[in-house]
Structure formats: structure tokens, C-alpha cells
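1. using only what follows, build the 3D model:
(chains A, B and C)
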Amino acid sequence: MKYTVRKFDAVIVGAGGAGLRAAIQLSEAGLKTAVISKVFPTRSHTVAAQGGVAASLGNSEEDHWHWHMYDTIKGSDWLGDQDAIEFMCRKANEVVVELEHYGMPFDRTDAGKIYQRPFGGHMSNFGEKPVRRSCAAADRTGHAMLHAMYQRNVKANTQFFVEWQALDLVRDAEGEVLGVTAMDMETGEIVVFHAKATIFATGGAGRIFYSSTNAFINTGDGLGMAARAGIPLEDLEFWQFHPTGVAGAGVLITEGVRGEGGILRNSQGERFMERYAPNAKDLASRDVVSRAMTTEINEGRGCGPHKDFVLLDITHLPPETIMKRLPGIHEIALQFAGVDALKEPIPVVPTAHYQMGGIPTNYHGQVVAPQGSSQNVAVPGFYAAGECACASVHGANRLGTNSLLDLLVFGKSAGESAVDQLKKSPKAHKELHQESIDKTLARLDRLDGQKDGASVHETRLTLQRTMQNHCGVFRFADKLKEGVQKILDVQKDVQRTEIKDKSKVFNTARIEALELDNLIEVAVATMISAEARKESRGAHVRDDAPDTPANPNGRDDKNWLKHTLWFKEGNRLDYKSVKLTPLTVESIALKTRAY
Amino acid sequence: MTTRNIQFKIYRYDPDKDAKPYMQDISVDIDATDRKLLDVMVKLKAKDDSIAFRRSCREGVCGSDALNINGKNGLACLTAIDSLPIDKPIVLRPLPGLPVIRDLIVDMTQFFKQYHSIKPYLINNDPPPERERLQSPEDREELNGLYECILCACCSTSCPSFWWNPDKFVGPAGLLAAYRFIADTRDQATSERLDDLDDPYRLFRCHTIMNCVDVCPKGLNPTKAIGKIKDMMVKRAI
Amino acid sequence: MNRIVVGAHYGLKDWLAQRVTAVVMALYTLLMIVAVPTVDGYEGWRALMSHGLIRFATFVFIISLCYHAWVGVRDIWMDYVKPTAVRLMLHVLTLLALVGYAGWAIQVIWRL
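-> The predicted structure follows:
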């Protein structure tokens, strides 16, 4: 198979929020940058974010980054790295204001400032009462943000490679990253993007679950590529189930609905969150709400003929508020649940939503991996930001609106770090590493030549069902053990997928098969990491780690206050310590989590 | 679970093997969980993996899966399967007026070229303040119905003026975006923007046919925005 | 070289002119709707059309009609005829025809 080589200072893989934010940094610094994306940039999944982006602007009431930091650490169930969390919360105002300057159409207060609404887990004065911290553009914040950043990139003349599928990381014998191999979907041409700095902003892999709020494209491509190149994946047992996905359809209903006053009710019409989170109620952290909903359903208080969902009620809100602040939700409820949210409650279920883990990075956006006795050694030339990365600011559970903040802050810092590397120590392109290119070509050849193989569609379905049944909102020791075996069986099928379509032109069957190669890495990492973590923390809750006085909520800080690292080779697990020391303030001490 | 069979006629063309395009007859069994056209298309693809189409968010915000469905442009993910007549096959074609790359996938270069031509970014040459630029809720309201565009191209590819002059007429999507920036009180390039559009082709090919309004899956109204641009030009000229 | 050039800066003027001439023609039509039922036979028509005001109104109407038609027909050529030379020729022919019609019509009015 033939390929060509193109040289750039930097290559960014992914043109969602994090990729576009990093690209602004590099383009405006005048560096020769290629942004590779498998979809047109404004089709990236950031576009689907709804509720807002967190920043302690204090536009409607007093707020402070230190409170935001506390909430984020508490939300993470203390698994988040406190240095990265302080960095993110302190940077929030700066990056949100920048975005406003780029032209983002935020909603406004009467004083003309950015409108802010309450959101789950965001409190004032270290957990006292809900605070208005989520900066919003109606319920289309992600859309407005992604378009504003794409537009800024148009202004900066960023060079995009649209509808190119990145295939593999090019990494030499010393471990330095030298770019990626990629395929032009339109022609099937293979190109090696040879770069001095490579930034991954490839998003999450929410499609490992059968029922997911995520787009078809969220297949964890960056994670698959990193894992194949020998880089560990961190904390993948932690998956967020969003409390409010439309029952049956999986489409997201923003937490902003509850921020604006929406209430969850069971079949008896009871506002059940009052029992689970007396203080924050419907605005408790997402893992808490999802578990409460699942418990209600499991105990027979679900709604509908099969008692398999609960109701999100906004009928008590003034119709003007709904049409002004939540117009998209009104539309989604009509389209996907067939209800007029002004008059009827919306049927919702917890739905897989966000991957807290990912490619391990520090708060500069540099990818780090253990080396010798050091736990966090930067991989030269390699950066990651956004959902594909694990800084780790979300720890065991992410707060709503912190994902958009994450991609702004770390997209920018990864971009800045790459600019620093390129400007401070300029050097020529290192020689390409033929072996890693050959691996890509072999993978493509295998797929094209496969006979009597497994169907991509069926294999993917089995993968998704396995993850859904064995690694859901509540986890069970025996189910996890069984799940590991099952997912390893699926992996064998993935290695022999077959496509009927062999065309070179826009072969979406081939792309789906290549995406499945990445999905399986994430699925295996998730199942194995989850099976191994014998405690309950944040979004990872096991039946054999119950709430006891010694381990409140099942959290076992003595043995499990550590990050998981999964290595593809031999499915090996390793652990590294959580950074409990922030940059300038005192550590937020471990505490039992209650809302 | 009850299933029923749905018939399709799908435009197929793979330049790698087909001399010319043809219509493929294909059918698939669907059940109650297949609510949208896109759900059914995914099933079709499981049956015949060579059918090529774009899709991503499946909730109408990414703008990937715009198609010509029974003769009318729309998003597959927002088209309820029950809204289509079942007594005859559902006809799927690529968006009209743009070159076909393969099957239902069109080359959108020309569409994006026009979008880029209107300078789709905020121009404000004042030094950026420390905090956000202020904007009253009323001024912000002006952007509603403009910024929500998802660039799916349903509108521009249903516009006869865009069919005849895709290289010179900005088209409804681009003009909607142009007005989004003209209407933004933070933007300082209003007169440059108006100058740029004062051209018999770029703006004035719009003959208010209003196909754009008819097909927009987000319920936006490009014709109204175009009318507002013309109003501003007139006000400026007299 | 096949560069697409736009920016001719006469879009607004013609668009506006087409609307203004349409209003003029509409007003003239209204005037005629009022005036014509009173007309009786050739002499009546002759008397009406030689009235100074009507003569002036008809003149303005014909000029408006021609300008309106010019913009409209030119737009059709612009949409459908791509080769510049052919299009220019069609533009010239259209102009000549419209000027001819206008001259002829004016001659008719003032010869009455």
C-alpha cells in the first residue's frame, strides 16, 4: 500500500471544542498546523452540549473559583488531581471571557453580562447552597461555542483536513511521538502527518454502551491509537451516566432543565430526590441522581407500562421561561419523546454520557506515562485535551458544565505547551519510524483481505450490549468478572471483522470497522479497570463495596485512592497516586460525600 | 414485537465501480424502536454495508445527515418514519445541486466556500476588555433565529438561485450567517459586510422563492434575514 | 484563468429600481382602472390619451416598464447563459429592443 508524507509543525487530531481551542493557539502563533477531523468541525460532538460552561464570574450572585474548585473535587469523589482542578477553576473566567470576545452569543443578564444558571453540584461557600455558575447560550451552549471557535479558526486561517480518519500514532523507538497516519475518506489515500507536536482532541468513546447520549462518531479513536502505541489509559472504569436521557431514544436532556427549576418525579408523583439529597435535591451530582433514579425504577416506582423510566417535570415553569431558556429541550421532547414539555413531563432514564478517564495528561496538556520509578513522565511531542484526555479534573464523577470548561482550559494549555515546545526549542523533524507506519498498513491490509470474518455491525452490537449489561449504573462483582471474559471474546471478533464494500471512495463501512478497532480498546480497558477496582467511588458503584461506617458510600480511601492505568499489552493494570496538593491553596481534605 | 417491512429506492453511485448512478430497490424490516428515518438507514447499512451516507449526532444539531427525502430536503434523524407515506417506496437522493461524491454523500466545498466568503466571525478591532463585552438582552435577542444554524445545507441546496449560481450567489445559509454578524451589536464591520453583499449575484440572486424556509430543519427563516439585509442597505443608501 | 469575480456593486440600485418601477406601474394600472370605464369608442380613447396628465403618466409607465423588464430579463440571462460573450450580446439585444419599444411607444403617444 502506498502512502505520502506531509510535514507540519503541529498536527491536531479532532476538531471539536478542545481541538479547535488548541488550533486557535497554534494558528495565531503562526505555526504550520494541520487539524485532522473525521467530520466537518461544526459536526463534532461538542455541538450537542446544552446547559453551559462553568466559570465563577459571579454575574448574578457572589462566587469564587475556590468554591468551584471545592465542588469539583467533591464531585470527583476526591479522585481528581487537585493541581489540575485548581488550574482549571482559576482559568475559567479567562477562557469564558475569551470565548465571548470570539463572538459567542451568550444569553445576557439585564446588566448585559453573561447569563448564568444553577447546575448540579455547583454550590456557593464550599457546598452550602446551589449557585449560578453555568454560563449559557439558551440550551445550545455547545453549538454556540463550537461555531464561535470554528469561526475564530476561519479568521486565523487554520488549515483543516476535513473527513480524514486518523489511524495510528507514529511513535519511534525512544517513545517520541512524530505524528499520525490518516486516511482521506473521499479517496482512501493514506498520508503520514509528520509533526513535531501532536495534539489529540478526539473526544470520548460513549458508543461503547448500547444506550448512549453520544454521537455515532464518539468511538474513542484517540484512546485506541494511544493504547496501540503503548500509552496507558487512565481511570476508564469511571463513566458518567447522565440522569436525563430521553427514554428509548437516548437523546440528552440538559441538566439545565433542573437548573431552571425542573423536577424529577416517580410513578407516585413524588419528588424523590428529596430523600436522596435533602440539600441539593434535583441538583445533586449526576452520579447521585442517576443512582437514585435507577433505585426508584428497580424498586418498582418507575413510570410507563414497563415501569422503566421516571419523569422530568417542567410543567410548573412559566412557558416564557421554557421557550426562552430551554427552546431546544422543548423541540427534543417533541421530536424524540412525543411530548409537549409545556404541558406534560418528559420520560427520562440514566444514559451513558461521558468518559471521565482517558489518555493521562498533566495540567499543561502533556501526555504522561510512568517511566522507571517516576509516575508521570511527559511523552515527548504528545499532548491531549478534552474528553479523550484525563488531566484528571473529573476524577470519579464530572460535574455538569465542567466538560466544556475542561476543553477550553486544556485545549488552550495543550496548544500553549505545544507552541512553547516549538518556539523555545526549535528543531528539525525527527526521522519517521517505519515500523509504526507499517503497523497501520498491516491493519488496513488485514481488513481488506479478511474472508469469512465477523460482521462489523453485529460485533459492535455485542460489544455495546456487553458493556451495557455488565458495566452499567450499578456494578456487580460476578457480572464484571463475566463481562471481562465476554469482552475479551468480542475482541477476538474485532480482530477478524470483514467488510463487503472494498471501494476506495468514501468507504464508510471501512471507517466503521476502523472505529470498532478503537471502541474495543476502550471497552476492554473499561471492563478490566472496573472489575479490578474493589470499591465504590463516584460513578463506579459495586454491590460488594456497600456503604459502611468504615467505608462511607463504599469508598475505600485506604486502598483505592489512586488512579488506574490500563496498558493494552497483556491487559496489565498499574496504579498511580492522586495529586492531593493543589498549586497555591491548601488541599481539600477527604470527606464523606453528601448532597 | 411487531415488525413491518419498509421499501426504499436509494440513489447509488460509487465512482470506483459504477459508470453512472442508478436507483437501488431495497427493503428492511423495522420495529417500534425504529422511529426516525436515520434509525432505519442504519439498519439498511447493516444489510448492505456499501450504502454510504453521513451521520453523527442523531438528534438534529450536527447537520450531517441532510438528504433529499421523497423529493424534499431534510435531516434523516429528525424525519419520523411514520411521517412518510408507506404505500410507496421512500425515495432517498443526495442533496440536489452539489456534486455527488458517492451515494448520498455530496461534495459540500462550494457550500462552505460561500459560508466562508461572508467572513463568518466577529470583527471588533477595539482592544479586548478584561471582562465580557456588554450586550443588552434585547440586543442579544436579535441573534435568535440566526445563530442556531447547523450548516446542514438543506436550504441552499433547495434554492434554485443557488442551483444556477452556486459559485456566485452566497445562498440562504451564508446570508443567514452574514446577517447574524450584521445584527450583532458587538461587530464593527457592518458597512464592510453590506458593501461586500451589494452585488447582483452575492445577495440579489435571492428572489424570495422561500424554499429555504420550507425545508429548514431548525425552523429558521433565511428569507427574513435576507430581507433585513436589504432593508439595511436601503436605509443606508437613501 | 477561471476566477470567479463578484462585487459589481449595482445590486441594490437595480433591486430598488425594480420595486419602485413596480409601484409606478401599479399606480398607473389603478389610474387606468378608474379612467377606462368612462371611455367610449375611438374618439374617447383619443381624447383620454391626449390629455396632458395621462400622456405624462403613460410616458412614466413605459419608462418604468422598460427598466423593470431590463432588470428582470437581464437576471434571466445571468442565471441561464454562462458564456460571457453570448450573454453580453443578449444584454445588448435586450437593451436595443427595450429602447426601441420605448421610443416606438413614446412616438405613438405623442403622435396622437
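2. can you list the low-confidence ranges for the chain?
-> Going with chain A. Within chain A, no range satisfies pLDDT under 70.
3. let me rephrase: I mean chain C.
-> In chain C (pLDDT under 70), the answer is C:1-2, C:112.
4. would you map the strands across it?
-> For chain C, strands defined by DSSP state E do not occur.
5. so what's residue 211 up against?
-> You didn't say which chain, so I picked chain A. Applying C-beta atoms under 8 Å, 6 or more residues apart in numbering or on different chains to A:Ser211 gives the contacts A:245, A:250, A:349, A:351-352, A:468. No exception for glycine: its C-beta is placed from N, CA and C like everyone else's.
6. oops, wrong one, chain B.
-> So B:Asn211 contacts B:155, B:158-160 (C-beta under 8 Å, 6+ apart).
7. please redo it, this time with the cut-off set to 10 Å
-> B:72-73, B:154-162, B:172, B:222-223 (C-beta atoms under 10 Å, 6 or more residues apart in numbering or on different chains).
8. pLDDT score assigned to it?
-> Confidence at B:Asn211, expressed as pLDDT, is 97.
9. any idea how far the residue most central in space within chain C lies from C:Val99?
-> Taking C-alpha atoms, centre = their mean, the centroid of chain C lies closest to C:Cys66, which sits 1.6 Å from it. Counting by C-beta to C-beta, to the nearest Å, the separation of C:Cys66 from C:Val99 is 8 Å.
10. leaving out the residues flanking it, which one is nearest to the closest residue to chain B within the stretch 1-150 of chain A?
-> Closest approach between the stretch 1-150 of chain A and chain B, counting by C-beta to the nearest C-beta: A:Gly103, at 3.0 Å. Counting by C-beta to C-beta, 6 or more residues apart in numbering or on different chains, B:Leu122 is the residue found nearest to A:Gly103 once chain neighbours are left out, at 3.0 Å.
11. where does that neighbour land in three-state SS?
-> coil (DSSP: H, G, I helix; E, B strand; the rest coil).
12. and the longest helix for the chain?
-> I went with chain A, as the question did not name one. Taking DSSP state H as the criterion, chain A has its longest helix at helix A:508-532.
13. the intended chain is chain B.
-> Assigned via DSSP H, chain B shows its longest helix as helix B:222-237.
14. quick one: which helix or strand includes residue 112?
-> No chain in the question, so chain A it is. A:Gly112 belongs to no helix or strand when assigned by DSSP states H and E.
15. look at chain B instead
-> Judged by DSSP H and E, B:Phe112 forms part of helix B:109-117.
16. where's C:Ser64 relative to chain A, distance?
-> From C:Ser64 across to chain A, the span is 43 Å (C-beta to the nearest C-beta, to the nearest Å).
17. over to B:Ala32?
-> 9 Å.
18. would you confirm that A:Arg275 contacts A:Glu296?
-> Yes - at 9.5 Å, A:Arg275 counts as touching A:Glu296 under the criterion of C-beta atoms under 10 Å.
19. so for the two, which residue has more residues nearby?
-> A:Glu296 (25 against 12; other C-beta atoms under 10 Å in any protein chain shown).
20. so which bits of stretch C:66-78 are buried?
-> Neighbour-count burial for stretch C:66-78, counted by 16 or more other C-beta atoms under 10 Å in any protein chain shown, picks out C:66-71, C:73-75, C:77-78.
21. can you tell me what sits against that stretch?
-> Residues contacting stretch C:66-78 (C-beta under 10 Å, 6+ apart): B:161, B:164-165, B:168, B:200-201, B:204-205, B:207, C:10, C:13-15, C:17-22, C:24-25, C:86-91, C:93-95, C:97-103, C:105.
22. restricted to buried residues, select these in PyMOL.
-> For the buried members of the contacts of stretch C:66-78, the matching PyMOL selection, counting by 16+ other C-beta under 10 Å, is:
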select buried, (chain B and resi 161+164+165+168+200+201+204+205) or (chain C and resi 14+15+17+18+21+24+25+90+91+94+98+102+105)
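23. point out the residues in chain C that sit beside chain B.
-> Contact residues, chain C versus chain B (C-beta under 10 Å from any C-beta of the partner chain): C:2, C:4-16, C:18-19, C:71-72, C:74-76, C:78-80, C:82.
24. if we use 7 Å, what do you get?
-> C:4, C:6-12, C:14-16, C:78-80 (C-beta under 7 Å from any C-beta of the partner chain).
25. then the stretch 151-300 of chain A?
-> Going by C-beta under 7 Å from any C-beta, the residues of the stretch 151-300 of chain A near chain B are A:151-152, A:154-155, A:186, A:215-217, A:248, A:251.
26. ok, these vs A:Leu463, which is closest?
-> A:Phe216 (14.2 Å; C-beta to C-beta).
27. hang on, isn't that closest one packed against B:Phe53?
-> No - if you go by C-beta atoms under 7 Å, A:Phe216 and B:Phe53 don't touch, sitting 11.0 Å apart.
28. what sits closest to A:Arg325 if chain neighbours are left out?
-> Closest to A:Arg325 by C-beta to C-beta, 6+ apart is A:Glu260, at 5.4 Å.
29. pull the number of nearby residues for the one you found.
-> Neighbour number of A:Glu260 under other C-beta under 10 Å is 21.
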